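Enquirer: Below: sequence and its predicted model.
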Amino acid sequence: MEEKKAVVSVLGKDRKGITALVTNVLYKNDANILDISQTIISGYFTMVLIADISGENCDFDRMGEELNALAKTLSVQIRLQRSEIFDSMYRI
Amino acid sequence: MVTPSEVLSVLQMIDKQKLDVRTITMGINLLSCVSDDDERLCQKVYDKICFSARDLVRTGEQIEKDFGVPIVNKRISVTPAALISGGMKDPVRLALALDKAAGTTGVNFIGGYTALVHKSQTENDSRLIDSMPEAFSSTERLCGSVNIGSTRAGINMSAVKRMGHVIKELSEKTAATRGFGCAKLVVFCNAVEDNPFMAGAFHGAGEGDLAINVGVSGPGVVASALEQVRGMPIDRVAEMIKRTAFSITRVGQLVALEASRRLNIPFGIVDLSLAPTPAVGDSVARILEAMGLEACGCHGTTAALALLNDAVKKGGVMASSQVGGLSGAFIPVSEDAGMISAAKIGALSVEKLEAMTAVCSVGLDMIAVPGDTPAETISAIIADEAAIGMINNKTTAVRLVPVPGANVGDMVEFGGLFGSAPVMPLSRFSPKEFIDREGRIPAPLNSLKN
């Protein structure tokens, strides 16, 4: 099966549990985390997470909706995008 | 593997610098709809468009969601209407069918109410051109164009003369919206067959049954990249623009291939044009100013624009497998916040814009002029632009809006992506005798390439 990857980016004010809650949504949606990196730049939490979304029970749209709902609760910005956009812009 | 800094930089391009794909335009060939029965023709046109484009808007929205990049418009371009209207006495019926199909499929615009008369015109062409004021004033989403010249054929001055009157009539018929109908009509020289941008899009006779053409955008991304080369020599500026244009175009290429795959329709081209919008941070004029011009339109603007246009092509051409359409920087006045303010303070004149059109895509675009401008003056402006296109082997266009009742300096609001524009002054001396001669300007020497 073709491997599909997605990038989840989280930007916002740091608070407890962001990583746990975001990765929980991914877990529930059958996405497998391949890489995760996070830093805090002057109090602002920045996380970029790459996940394999080719799992059988992985529904991209549903996961996006759940992350949107989580973003509202946490008052942070969460974005779910297919990884091709980043690959194509920086690699030939 | 993607790095976090690449992710953050793309997010910044989308959020702050207004990176977007300006349009996915589906080209639909309507030659198979020809019929000797007017009603049947209109029905076939409506059915073919609605069937072919049934998934266009939904697919565009899904791609937008998947990649997280805005796709501003989903549009349709069709075979030039004059080629299929046959013996139709009243082509407005066809205009209404096209407009209705656009509404049903949910696209923002449908282009192709078009006649190609660069050498001469058929009766159908003349009827279609004569119907344009009625067609564009009685429809919502229909756009069209007339090609009145080409490098190979010269300039059809009789059609040029007619178009001056058509634009005036259309402006008067849409006086309630300040002549807005004229924003839906472009007069071309060297029109291209695979342009995805409105109002000039049509699906040329050399095209296949269906095609997916994509227009990219991103003037804001270029302007902000130039911050990094502030004060450096101009060749560094050109390099920076090339690199940025590459990234922008890759997004277009990705979206085009994905749309083509999902809709199962052949990929046509990516159009490399930098298309501004009236939004702050989405302006071509601001790129020129970032190169060191006090205001767009001052001396030096043509040189800066030539560099920009060339560097965008050099960067973009490597990023896409098929490049086409208009592919150059657009300089519409009302649709570009920087152009609007340059025109307002008197830095930008119609004469300077004309010079700029010699080095970029496409022409005198979305310029508001006084409502009492004589038809022959509009024709003469079209002739001047066509001459630049004909001699320089490039596409040029005129999309002027004579605003009924407005005078030089008045601000006109068109709304949405069409923006607003100050009414600009034109020469008060008359070209009437020149325009009244009609006939055809012979093809130039540089057309003899064989």
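Expert: Happy to help now that I have it.
Enquirer: quick one: residue B:385 from residue B:391, how far?
Expert: For residue B:385, the distance to residue B:391 (C-beta to C-beta, to the nearest Å) stands at 11 Å. For glycine as for every other residue, the C-beta is placed from the backbone atoms N, C-alpha and C.
Enquirer: Let me fix that, I meant to ask about residue B:46.
Expert: For residue B:46, the distance to residue B:391 - C-beta to C-beta - is 41 Å.
Enquirer: higher neighbour count, those two?
Expert: Of the pair residue B:46 and residue B:391, residue B:46 is the one with more neighbours under other C-beta atoms under 10 Å in any protein chain shown, namely 19 against 16.
Enquirer: In three-state terms, how would the more buried one be classified?
Expert: helix (DSSP: H, G, I helix; E, B strand; the rest coil).
Enquirer: list the contacts for it?
Expert: B:97-98, B:100-101, B:104 (C-beta atoms under 8 Å, 6 or more residues apart in numbering or on different chains).
Enquirer: ok, and for the helix or strand hosting residue B:160, which residues are buried?
Expert: Element membership for residue B:160 (DSSP states H and E) is helix B:157-173. Within helix B:157-173, the residues that count as buried by 16 or more other C-beta atoms under 10 Å in any protein chain shown are B:157-171, B:173.
Enquirer: mind listing the strands for the stretch 51-200 of chain B?
Expert: For the stretch 51-200 of chain B, the strands defined by DSSP state E, counting those that start in this stretch cover B:71-78, B:109-116, B:142-150, B:154-156, B:185-189.
Enquirer: and of these, who's closest to residue B:251?
Expert: Taking C-beta to C-beta, strand B:71-78 is the member of these nearest to residue B:251, at 9.9 Å.
Enquirer: Against which helices or strands is the closest one packed?
Expert: strand B:21-28, helix B:38-52, helix B:56-67, helix B:92-105, strand B:109-116 (3 or more C-beta pairs under 8 Å, 6 or more residues apart in numbering or on different chains; DSSP states H and E).
Enquirer: Would you mark the buried spots in the first one?
Expert: By neighbour count, with 16+ other C-beta under 10 Å as the criterion, the buried positions of strand B:21-28 are B:21-28.
Enquirer: Then the third one?
Expert: Burial within helix B:56-67, assessed by neighbour count using 16+ other C-beta under 10 Å, is assigned to B:56-57, B:59-60, B:62-67.
Enquirer: residues from the stretch 201-350 of chain B in reach of chain A?
Expert: The stretch 201-350 of chain B has residues B:247, B:250-251, B:253-254, B:258, B:318 near chain A, with proximity defined as C-beta under 8 Å from any C-beta of the partner chain.
Enquirer: Secondary structure, distance to residue A:52 and pLDDT added to the residues you listed, as JSON lines?
Expert: Listed next are these as JSON lines, based on DSSP: H, G, I helix; E, B strand; the rest coil; distance: C-beta to C-beta, whole Å; pLDDT from 0 to 100:
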{"residue": "B:247", "secondary structure": "helix", "distance to residue A:52": "25", "pLDDT": "90"}
{"residue": "B:250", "secondary structure": "helix", "distance to residue A:52": "23", "pLDDT": "92"}
{"residue": "B:251", "secondary structure": "helix", "distance to residue A:52": "23", "pLDDT": "91"}
{"residue": "B:253", "secondary structure": "helix", "distance to residue A:52": "24", "pLDDT": "94"}
{"residue": "B:254", "secondary structure": "helix", "distance to residue A:52": "20", "pLDDT": "93"}
{"residue": "B:258", "secondary structure": "helix", "distance to residue A:52": "19", "pLDDT": "95"}
{"residue": "B:318", "secondary structure": "helix", "distance to residue A:52": "30", "pLDDT": "91"}
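Enquirer: Please spell out the ChimeraX selection for the buried subset of these.
Expert: Only the buried entries of those go into this ChimeraX selection, using 16+ other C-beta under 10 Å:
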select /B:247,250,251,253,254,258
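Enquirer: Just give me the closest of the residues of the stretch 201-350 of chain B next to chain A to residue B:195.
Expert: Once C-beta to C-beta is applied, the member of these that ends up nearest residue B:195 is residue B:253, at 17.2 Å.
Enquirer: dump the residue contacts of the closest one.
Expert: Residue B:253 neighbours (C-beta under 8 Å, 6+ apart): A:88, B:214, B:270, B:319-321.
Enquirer: Tell me the most packed of the residues you listed, by neighbour count.
Expert: residue B:270 (32 neighbours).
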